[in-house]
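1. Here is my input; please provide its structure:
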Amino acid sequence: MTRHDGQPGWELADRHGVVVARMAAKFQPPDGAIVAVRVAAVLVRTAKGDEGLRCERWELVLAEVEHASPANQGR
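-> Residues are numbered from 1 along each chain as shown. Below is the predicted model:
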């Protein structure tokens, strides 16, 4: 899968195609069909001291992925 910025990986977009989050680099979608994806929480993170980060504050989206296992598809 390729993200909008051309890098490999998965991202979540709203129904209008606006990207709201990128998944972790090691994310692999579960086997079976994805039924729904919801934002379960949004955490606000802040840098602690001089960590060499690009920003002092950012938001982390925690997604809930609902899926149907391959054995339950079509039921």
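2. Can you show me the strands along the protein?
-> Ranges of strands in the chain, per DSSP state E, are 11-13, 19-22, 33-46, 57-68.
3. can you tell me which of those strands comes nearest to Thr2?
-> Set against Thr2 and scored by Cβ to Cβ, those come closest in strand 11-13, at 9.5 Å. C-beta: built from backbone N, CA, C; applies to glycine.
4. what residues does the closest one touch?
-> Arg3, His4, Val19, Val20, Ala21, Arg22, Met23, Val37, Val61, Ala63 (Cβ atoms under 8 Å, 6 or more residues apart in numbering).
5. Can you say which of these are buried?
-> With neighbours counted by 16 or more other Cβ atoms under 10 Å, the contacts of strand 11-13 contain buried members at Ala21, Arg22, Met23.
6. Just put those in CSV and tack on distance to Gly52 and pLDDT.
-> Below are the buried ones among the contacts of strand 11-13 laid out as CSV (distance: Cβ to Cβ, whole Å; pLDDT from 0 to 100):
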residue, distance to Gly52, pLDDT
Ala21, 23, 86
Arg22, 20, 87
Met23, 24, 88
